[in-house]
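Asker: compute the structure for the input listed below.
(chains A and B)
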Protein chains: 2
Amino acid sequence: MRLPIEIKGVGVYLPPTIVENHAMEARHQLAEGTIFTDLGIKRRRKAVDENVIEMGAAALQNALDHAGYVFEDLDLLINASVSIAYILPNTAILIQKQLGKANSGVPCMDVNQSCLSWLAALDMAAALIAVGKYRRVAIVSSEKPSPFLNQENVETAALFGDVAAAVIIEKSERADCGIFKSQFVSYSDGWNLSWMPAGGQINSPLKEGIPLTDYMFQMQNRRLLLYTIKKTKDFLISFFKSEDVMPLAEIKHIVPHQTSRAGLDFLTATYQLEGRVIRILEDFGNCVAASIPLALCLGIQSGRIQKGDSVLLIGTAAGISIGAVLLKT
Amino acid sequence: MRLPIEIKGVGVYLPPTIVENHAMEARHQLAEGTIFTDLGIKRRRKAVDENVIEMGAAALQNALDHAGYVFEDLDLLINASVSIAYILPNTAILIQKQLGKANSGVPCMDVNQSCLSWLAALDMAAALIAVGKYRRVAIVSSEKPSPFLNQENVETAALFGDVAAAVIIEKSERADCGIFKSQFVSYSDGWNLSWMPAGGQINSPLKEGIPLTDYMFQMQNRRLLLYTIKKTKDFLISFFKSEDVMPLAEIKHIVPHQTSRAGLDFLTATYQLEGRVIRILEDFGNCVAASIPLALCLGIQSGRIQKGDSVLLIGTAAGISIGAVLLKT
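Answerer: Alright, predicted model coming up:
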């Protein structure tokens, strides 16, 4: 059941504005160092003037440049982000427009599984490639949570960062690469442990009396952590129980969603992953669906992840969902 | 490149409230019969108290009942709708919750390609099944455009209707069924010919001064029609040029997106499709991404579409995108 794909290009867009902790700590009258101690985050990017279309387009252009391709070489563009430019149309087609490729005809779709959007889209794209529908697919995640963070709540205001990342995958003839296993689960009893109460149809902007903070991200940190840890343990037992999957101990790199210090520490300690986890939380915070592809892209760009390496991409998402993809690059 | 899937269950949810034309005509001081003459629509459904989660869950339960399955028999649930319950989390997981299946673990994802969301999701689901990732997938489209229609603009207020439809597909051993071809294209120069200017990140509810009508659907009817007709002609030439696809003249049923009277009349007349088009526009209007699955479900429920029949599912979407899937049921 190996899906024969390989990564041909990676690209990121990092907004130039960097927000360090000290301003937030001063505002909330916290001692210097409190945010890093509590959240494991030193700084995060903030998209001041850039919107998610521009950010996604920039990351995709960088991935195309890295691969040596032009936009028209793509057979499919998937935007896989929680941040959406408009309710209608979908955001991927606006990234096509932003790159000046309106007449290319390249089909543009969006996939959403909260913070696992990019990983879910990767799995779908690989299946579409494996059956011969497409040869080459770009998957972009462009996240700008910053306007939707309640600055009065330092736990969420300090947690999230804005970035975009793009990966181009294509059909491969190599035998040592591809997706070897993927698995996703969803448990909706955690549906409002991290969510945005307003903005969709249930509490839409056309309804009167919705407080502005309801359009912002809300999270029950401790309950969410306990719930996802419990579910992740069961998930990993299930993921590795089949005999055709290499043991976790032999996987070279772990690329997790950068949920929080507590989440990453749990994962690293419980499964003896020290030295194998690509951890970018300190410099970028939690970048919603862009965290996993950003960590993957930076790992490849820095040379830490080499061709043929085994990589476990894994994360949790609002809802809640848990997902993992075992990839050889 | 046949994807070996078959349809095992279909289900719809039709809100009981029916809005006939006469009230709209009276309000806009139009002569009786004007809306039907102009738009080809006699009535549409309106979800008064039902939200998109409840509608989608009801349609899915009907599809499960039709197939003789329970929710836990599903390997994947895809919500493929423009209408979203919340910005975060994705809507599919809320349908899982609505059905009381929070602990099932069935993974829940959303796919969005505007009015082609369901068709794009069908293609993705079939690929995932073909490669062995899943055996059985439900694809739900639940649309409630009614709150987002500007009642001062009768052309859009009368055009859209609220419904939900669900289809369960699974791996098939039969040789006479499956997806034989699919194709999607996107041309973003039509990005604002039909759109909702506010509600996403670009013009978010947190910005001051956004007029309420910007949260509503806006359309440049005539430009959109001319543009999509031109692009659809090229698309169909491309779709049928490969030798492994049966000619359009031999396809038994055409299930189009119910865009508008003008769009359906163009398609039917230009390609000699009389008697083969499943047309539900008159009773339901344009139901956004739910139009194609609703027409398919009603065609199967009525016995018009029989096992083994060839069906061309085809539509256009805001953005604009065009897509088609050639299916044998």
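
Asker: and the helix ranked longest in chain A, what does it pack onto?
Answerer: Within chain A, and with DSSP state H defining each element, the longest helix by residue count is helix A:221-240. Where contact means 3 or more CB pairs under 8 Å, 6 or more residues apart in numbering or on different chains; DSSP states H and E, helix A:221-240 is packed against strand A:178-186, helix A:261-270, strand A:310-317, strand A:321-328. All C-beta spots, glycine's among them, are computed from the backbone N, C-alpha and C.

Asker: in JSON lines: these, plus mean neighbour count and distance to B:E243.
Answerer: What follows is these, written out as JSON lines (neighbours: other CB atoms under 10 Å in any protein chain shown; distance: least, CB to CB, whole Å):
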{"stretch": "strand A:178-186", "mean neighbour count": "22", "distance to B:E243": "31"}
{"stretch": "helix A:261-270", "mean neighbour count": "17", "distance to B:E243": "52"}
{"stretch": "strand A:310-317", "mean neighbour count": "25", "distance to B:E243": "40"}
{"stretch": "strand A:321-328", "mean neighbour count": "26", "distance to B:E243": "36"}
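
Asker: please name whichever of those is nearest to B:S182.
Answerer: Checking the helices and strands packed on helix A:221-240 against B:S182 by CB to CB gives strand A:178-186 as the closest, at 21.3 Å.

Asker: which parts of the stretch 101-250 of chain A are strands?
Answerer: A:108-112, A:136-143, A:163-171, A:178-186, A:194-195, A:218-219 (DSSP state E, counting those that start in this stretch).

Asker: which outside residues touch the fifth one?
Answerer: When you say that, I think you mean strand A:194-195. Residues outside strand A:194-195 that contact it (CB atoms under 8 Å, 6 or more residues apart in numbering or on different chains) are A:217-220, A:224, A:318, A:320, B:86, B:88-89.

Asker: re earlier: rank the helices and strands packed on helix A:221-240 by pLDDT, which is bottom?
Answerer: Lowest mean pLDDT within those: helix A:261-270, a mean of 94.

Asker: who are the packing partners of whichever helix or strand comes after it?
Answerer: Following helix A:261-270 in sequence order, the next helix or strand is helix A:281-284 (DSSP states H and E). Contacts defined by 3+ CB pairs under 8 Å, 6+ apart place helix A:281-284 against strand A:43-45.

Asker: paired strands for the strand it packs on, with orientation please.
Answerer: Strand A:43-45 pairs in its sheet with strand A:18-20 (antiparallel), by DSSP bridges.

Asker: can you pull the buried residues of the strand it pairs with?
Answerer: A:V19 (16 or more other CB atoms under 10 Å in any protein chain shown).

Asker: can I get the helices and strands packed on helix A:221-240 in JSON lines including distance to B:F266?
Answerer: Formatted as JSON lines, the helices and strands packed on helix A:221-240 follow (distance: least, CB to CB, whole Å):
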{"stretch": "strand A:178-186", "distance to B:F266": "41"}
{"stretch": "helix A:261-270", "distance to B:F266": "54"}
{"stretch": "strand A:310-317", "distance to B:F266": "42"}
{"stretch": "strand A:321-328", "distance to B:F266": "42"}
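
Asker: and B:A198, which of the ones you listed is closest to it?
Answerer: strand A:310-317 (26.2 Å).

Asker: just give the strands next to the closest one in its sheet, each with its orientation.
Answerer: Strand A:310-317 pairs in its sheet with strand A:253-256 (parallel), strand A:321-328 (antiparallel), by DSSP bridges.

Asker: okay, these in JSON lines with distance to A:L14 next?
Answerer: Listed next are these as JSON lines, based on distance: least, CB to CB, whole Å:
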{"stretch": "strand A:253-256", "distance to A:L14": "17"}
{"stretch": "strand A:321-328", "distance to A:L14": "23"}
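
Asker: those strands: which one's closest to A:A295?
Answerer: Of all the strands paired with strand A:310-317, strand A:253-256 comes closest under CB to CB, at 4.8 Å.

Asker: stretch A:117-134 near chain B at all?
Answerer: Yes: counting by CB under 8 Å from any CB of the partner chain, contacts between stretch A:117-134 and chain B involve A:120, A:123-124, A:127-128, A:130-133.

Asker: and those residues, which two are the farthest apart?
Answerer: A:A120 and A:G132 (21.0 Å).

Asker: tell me the contacts of the residue nearest to A:L224 when sequence neighbours are not counted?
Answerer: Closest residue to A:L224 apart from its sequence neighbours, by CB to CB, 6 or more residues apart in numbering or on different chains: A:L193 at 4.2 Å. Residues near A:L193 by CB under 8 Å, 6+ apart: A:219-220, A:223-224, A:227, A:318, A:320.

Asker: tell me the bridge partners for the closest residue to A:L119 other than its chain neighbours.
Answerer: Computed as CB to CB, 6+ apart, the closest residue to A:L119 that is not its neighbour in sequence is A:G323, at 5.1 Å. Under DSSP bridges, the beta-bridge partners of A:G323 are A:F184, A:G315.
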